[in-house]
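J.: Just need the structure, nothing else, for what follows:
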Amino acid sequence: MKKYRNRISSVLVLALTAAVLGLLAAGAASGRIGLSPLPEAHGIPVSPGNPADPHPSGPVHEPEPTDPASGSLASDQTVRNGATVPESGSKHGVRSARLLRCMHYNENDFMRSVNDRSPASDSLFEINEDPGTGPIMGGIVPHHLLARRLIADFFRTLAVDPPQTVIVAGPNHKLEGISKIQFSSADWGTPFGILEADTRITARLAEEYGAAHNDDLFENEHSVSSLVPYIKYFLPEAKIVPVLLHGSLSPEEARKLGSLLGGIISDNPGTVMIASIDFSHYLSAPEADEMDMITWKAVSSWDLDSISRMGNDNLDSVPSMTALMTAMDAVSAKDIRMKGHNNSSRITKSGYDYTTSYFTMFFRKHGQDSTLP
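T.: Prediction:
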């Protein structure tokens, strides 16, 4: 009998041990037991190649685009869920807990672009080397990283008189989310430190325009994410307000947004607005040059009606251009200077039948207007 009881005890001990091990395994799988938080939870900037990054090491490339020159996707995709509809109150003035990652950063390419001081433009235009005398209130910069030298040159110029906050408006290439205008109040973990969001302005966008808060969209959307390392590198003390605009945003809606952003810029000295735009898509090099001349004429003459009728032959985000120019009109920054121009075919010395073109521009107040409120 004693031997039988010992055998039963042994079986019970084994069963109890197996049950405990099963509970531990289930807890670990659910993240409740024995797992360290992801690096973001500790405030560690996570970028491709960072040993702390839970994702595979090495550069993370942009998703395969429809246009290999531009990095942009087709414009007929459907809108999908994924944004948080704004609510009343002050929740949108609170910084998100997570850090967004720079998914399109490549260290070698980035450092070459910021250290190369040779001319970044190879253009049919005669670039005006006169920088102007008034303060920079806004600008246009590419987001396709093939134009990284133009991007670096743009932010190097902006850093001469560095802004405190940079509003970046760009196209929502994948047409994701439930709102035509989406923003993020999350900080970015960059290779050069944390780039903070300006939550005062994101709160105002939510409350006064009804823009939707959507952190998840921004990491993979290269129209903003590709510029973040440059902002932190050249403007280390600046904050960011990222805004993505759906392609279906009407000219009236874009002008309404631009008027609000113009008011925000006026109310917050040291704030500038940047439109992240790539220009002529899919055309041969000669055709792209012709379209770039038409686009530049419309922008430099402030012809918003002509711009509103343009498509990918001219530029990839009419709403971003319309919002920017409306904001610049509101702050009396109508002195437009072309800083640079190039084309993917000239940069790569290939692909002449299927190109993307790039401009960099600055919008300044006239020198005599620089003291206006």
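
J.: Now whatever helix or strand Ile336 lives in: average pLDDT?
T.: According to DSSP states H and E, Ile336 maps onto strand 335-343. In this model, strand 335-343 has a mean pLDDT of 94.

J.: Please confirm that Gly170 is located within a strand.
T.: Yes: assessed by DSSP: H, G, I helix; E, B strand; the rest coil, Gly170 belongs to a strand.

J.: which residues does it contact?
T.: 143, 221, 223-224, 242-245, 275-277, 317, 320 (CB atoms under 8 Å, 6 or more residues apart in numbering). From N, CA and C alone the C-beta is placed, and that goes for glycine too.

J.: Which ones among these map onto strands?
T.: The members of the contacts of Gly170 that map onto strands under DSSP state E are Pro242, Val243, Leu244, Leu245, Ala275, Ser276.

J.: For my notes, please list the residues you listed in CSV and give neighbour count and distance to Thr202 for each entry.
T.: Formatted as CSV, the ones in strands among the contacts of Gly170 follow (neighbours: other CB atoms under 10 Å; distance: CB to CB, whole Å):
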residue, neighbour count, distance to Thr202
Pro242, 30, 9
Val243, 28, 9
Leu244, 33, 12
Leu245, 27, 15
Ala275, 30, 18
Ser276, 30, 17
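
J.: Check these against Leu260 and report the nearest one.
T.: Lowest distance from Leu260 to these (CB to CB) belongs to Val243, with 10.7 Å.

J.: measure the residue lying closest to that closest one once chain neighbours are set aside to Tyr354 for me?
T.: Leaving aside its sequence neighbours, Val243 sits nearest to Ala169 (CB to CB, 6 or more residues apart in numbering; 4.6 Å). Counting by CB to CB, to the nearest Å, the separation of Ala169 from Tyr354 is 27 Å.

J.: How about Ser226?
T.: For Ser226 relative to Tyr354 (CB to CB), the value is 21 Å.

J.: quick one: which of the two has more around it?
T.: The neighbour comparison of Ser226 against Tyr354 (other CB atoms under 10 Å) goes to Ser226, with 25 against 18.

J.: ok now do the residue lying closest to Asn268 once chain neighbours are set aside, which residues does it touch?
T.: Closest residue to Asn268 apart from its sequence neighbours, by CB to CB, 6+ apart: Thr165 at 6.5 Å. Neighbouring residues of Thr165 by CB under 8 Å, 6+ apart: Asp198, Ile201, Ala238, Lys239, Ile240, Val241, Asn268, Gly270, Thr271, Val272.

J.: at 10 Å what do you get?
T.: 196-198, 200-201, 235, 238-241, 264-265, 268-273 (CB atoms under 10 Å, 6 or more residues apart in numbering).

J.: go on, Ile136?
T.: The contact partners of Ile136, by CB under 10 Å, 6+ apart, come to 157-158, 160-161, 163, 272, 274, 333, 335, 337, 362-365.
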